[in-house]
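Trainee: Structure for this input, please:
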Amino acid sequence: MSETPAIVLHVGAPRCGAHALQRALSTTPELTTGDGTRLSYAALRPGSQTVLSGKALRRAAAREVSGRLAWSGPEAPEPDPLDRLRRKRGGTVPLVSEPGWIGHAESFAEALPDWFSAGAGAPIGICALVRPPLDWLNAAYWDWGIWSGRGFGSWLAQMGMPYTLGAALARWAALPNTRLALALAEDDPLPAAEALLGADLPRPAQGSPGALPPAFLGFLMRNRRYRADAEDHTAEEVFRRWCHVAGAPRPWAVLPRHLTPLRAATRADLDLLLPLLPAADRADPRWQLAEDAYHAELIRGRSPLDDPEELAALYRALVRGVGAAAEAAGKPVPPLQPVLATRASAHSWDVALARALEHLIALDAGLRRRRLSLGL
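Mentor: Coordinates of the predicted model:
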């Protein structure tokens, strides 16, 4: 952004790495950009007018199972605390994040008319991470649709076409006194987030910001007590914090027969989105839903959720995670069974995985309780 903004709003998009960005910002809420601008990440406690930043935000986020804090709720903005934050700069530029805001440009303009008018002073920075339609819809399916029990095509038919990033971001770009910046997010969204903000972000010590391995999703599907519904992310958040499966394929559900109708359905929205992107990102062939850009995924087909090799890699990652969490807690590593033979049944794998995951969840909860009791 050519002119230093009064405040930066990260407005999404959902399923484009917003949670990974929020975890990174909650770990290091004070950033300095390449041009020397100081950014200060802030969050609003749900159901309150209390704004957290700095050490208070970092400590509060460390007690959350998600390891992150965001501005509360995707609904219409809380105008008073946001306006106070914008006015109380103290030599820094406030930064707030809520991916549900992507569809609420008009609500912001109505709630905060002084921000979006000629002569309002420093511009409002609007930023978002985006994905091409196939990548976004595939990620949305594994996060939402898989729990419906439907296949990708059936889920999409039920939902209609939920990919409307272009229309939503065009409305933000049309508001007066705004400067919109977008970046193309990959499976690991943190490099794109760094390009967006112009500042380095921390990486997870043990876990990974990328997609969950198919084998772990399969385990959750077969063992619903660890994810009662599409909104229950406790087991996933704990797994993300402590475990990383190197080389795990991303889950994939889109089949070749889906491409033609998806090209037609997303064309109008992409006509709005692409002009808003940097030129280098516009050139990516994935925006055209080109088969060549997804050749490996389309040939491989829908991801299996019980591949023996992937289950073995998942189990090893869980065992490492349990060891790391036990060390952090100052406790002995609980006994876990050796890696099973690849010919073992899915049920046998689930028994071993569940035991390791139970230990990991308990160790993680104990660490967060200790931070709370010590006021850390």
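
Trainee: the strands in the protein, which residues?
Mentor: Assigned by DSSP state E, the strands in the chain fall at 7-10, 30-32, 38-44, 51-53, 93-97, 124-130, 178-184.

Trainee: Which among these is found nearest to Gly151?
Mentor: Relative to Gly151, the nearest member of the strands of the chain by Cβ to Cβ is strand 124-130, separated by 25.5 Å. Placement of C-beta: from N, CA and C, glycine included.

Trainee: Remind me what the closest one packs against, helices and strands.
Mentor: strand 7-10, helix 165-174, strand 178-184, helix 190-197 (3 or more Cβ pairs under 8 Å, 6 or more residues apart in numbering; DSSP states H and E).

Trainee: What is the longest helix of this structure by residue count?
Mentor: The residue-count maximum for a helix in the chain (DSSP state H) belongs to helix 346-374.

Trainee: Distance of Asp292 relative to Gln337?
Mentor: Separation of Asp292 from Gln337 (Cβ to Cβ, to the nearest Å) stands at 44 Å.

Trainee: and those two? which has more neighbours close in?
Mentor: Gln337 (12 against 9; other Cβ atoms under 10 Å).

Trainee: if I read this right, the more buried one contacts Ala354, doesn't it?
Mentor: No - in this structure Gln337 lies outside contact range of Ala354 using Cβ atoms under 8 Å: 11.5 Å.

Trainee: so what's Gly247 up against?
Mentor: Gly247 makes contact with Ala313, according to Cβ atoms under 8 Å, 6 or more residues apart in numbering.

Trainee: just to revisit the earlier point, any shared contact partners between Gln337 and Ala354?
Mentor: By Cβ under 8 Å, 6+ apart, no residue touches both Gln337 and Ala354.

Trainee: just to revisit the earlier point, got the strands of the chain as TSV, with mean pLDDT, distance to Arg84 and mean neighbour count columns?
Mentor: Listed next are those as TSV, based on pLDDT from 0 to 100; distance: least, Cβ to Cβ, whole Å; neighbours: other Cβ atoms under 10 Å:
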stretch	mean pLDDT	distance to Arg84	mean neighbour count
strand 7-10	97	11	24
strand 30-32	97	19	17
strand 38-44	95	10	23
strand 51-53	94	7	20
strand 93-97	97	10	23
strand 124-130	97	15	24
strand 178-184	96	20	20
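
Trainee: okay if I get those strands as TSV plus distance to Leu274?
Mentor: As requested, those are exported to TSV (distance: least, Cβ to Cβ, whole Å):
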stretch	distance to Leu274
strand 7-10	21
strand 30-32	29
strand 38-44	28
strand 51-53	35
strand 93-97	24
strand 124-130	10
strand 178-184	10
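
Trainee: wait, which of the ones you listed is closest to Val65?
Mentor: Among the strands of the chain, strand 38-44 sits nearest to Val65 (Cβ to Cβ), with 15.5 Å.

Trainee: how does the protein divide into domains?
Mentor: Here the domain assignment for the chain is 7-155+163-197, 214-249+306-374, based on automatic domain parsing.

Trainee: hey, which of those domains is tucked in deepest?
Mentor: domain 7-155+163-197 (a mean of 19; mean count of other Cβ atoms under 10 Å).

Trainee: now do the same end-to-end measure for that one.
Mentor: 12 Å (Cα to Cα, to the nearest Å).

Trainee: ranges for the helices of the stretch 101-250 of the chain?
Mentor: Assigned by DSSP state H, counting those that start in this stretch, the helices in the stretch 101-250 of the chain fall at 105-111, 133-143, 152-159, 165-174, 190-197, 214-222, 234-242.
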